[in-house]
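Asker: pasting the structure only:
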């Protein structure tokens, strides 16, 4: 596996690699969920294609300087995981390489970014859209793989590719979970032992809503109230949001039958750690 730090060298390398080129874009602190994305990229690129992974801790998508400071950066471990999972090229630029000191261009999505995490994390998705655009321009992938845990991010990347005419196929990969169904996240390591013990109750609340829909409940207000009640009793939990929306447009709905693809989204803080999760309600 080749490690490249400079954008110009990465651009040059990507012009020469075998196609298709599949990309997994990350912020580092990689775990088994990221490994699954890279292995899937390897599968879709095929034995003759190329898999690239970017590891870049993007300061523009953090609302808190403290949160950015606490984000782990175990690059040697990340590099080993990428190689083991099947990556051919690892792009690891510095902040100075990605953002010029006098840069003045940002990429802003103005609809999907105004709900869910966009409310409590203003500017976050502008940071995401900007860095994703830059990485796409540097790597020039044919296919990109993003995890479905960050569903809003996935929806925004799909819109970005469509609106900006990138010749890229965006592929969502199902949320990878721990054995107790907690969605894998780099932030999970910041949970205390007590917080980690109760964290699976978040997904249990989502499953409960899916079971209600299977049993015939169609009223969104009823489902939201039940989900919120289940989350409120988790020790130490603070709810950011509980929403059911059209998973493609991220518009709220009042009845499950209103759209073909409803999805339940939650964000919960356990202590100082903010966790997000979601579940489809259309296949139940």
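Answerer: Cool, got the structure. As the structure is a computational prediction, the values presented were derived from the model and not from experiment.
Asker: show me which residues of stretch 98-110 are buried.
Answerer: 98, 99, 107, 109 (16 or more other Cβ atoms under 10 Å). C-beta here means a position set from N, CA and C on the backbone, and glycine is covered the same way.
Asker: ok, residues contacting it?
Answerer: Stretch 98-110 is contacted by residues 7, 56, 58, 60, 125-126, 129-134, 156, 159-160, 164 when judged by Cβ atoms under 8 Å, 6 or more residues apart in numbering.
Asker: over to stretch 189-204?
Answerer: Stretch 189-204 has contacts (Cβ under 8 Å, 6+ apart) with 29, 70, 72, 177-178, 180-183, 188, 230-231, 234-237, 266, 268, 270-273, 275, 277, 279.
Asker: any idea how far apart the tips of that stretch sit?
Answerer: 20 Å (Cα to Cα, to the nearest Å).
Asker: now do stretch 3-11
Answerer: 13 Å.
Asker: what do you get for stretch 110-123?
Answerer: Start-to-end, stretch 110-123 (Cα to Cα) is 11 Å.
Asker: measure how far that stretch is from the centre of its chain, please.
Answerer: 14 Å (Cα atoms, centre = their mean, to the nearest Å).
Asker: same question for stretch 229-244.
Answerer: On Cα atoms, centre = their mean, the centre of stretch 229-244 falls 21 Å from that of its chain.
Asker: just the ones in helices from the buried residues of stretch 98-110, please.
Answerer: Using DSSP state H, residue 98 are the members of these that sit in helices.
Asker: leaving out the residues flanking it, which one is nearest to the most centrally placed residue in the chain?
Answerer: The centre of the chain sits closest to residue 150, judged by Cα atoms, centre = their mean, with a distance of 3.2 Å. Distances taken as Cβ to Cβ, 6 or more residues apart in numbering put residue 276 closest to residue 150, at 7.1 Å, once the chain neighbours are dropped.
Asker: ok, back up a step: now the buried members of the contacts of stretch 189-204.
Answerer: Judged by 16+ other Cβ under 10 Å, buried ones among the contacts of stretch 189-204: 29, 72, 177-178, 181-183, 188, 230-231, 234, 237, 266, 268, 270, 273, 275, 277, 279.
Asker: so where do the helices sit in the stretch 151-284 of the chain?
Answerer: In the stretch 151-284 of the chain, the segments counted as helices under DSSP state H, counting those that start in this stretch are 151-163, 193-198, 200-214, 220-232.
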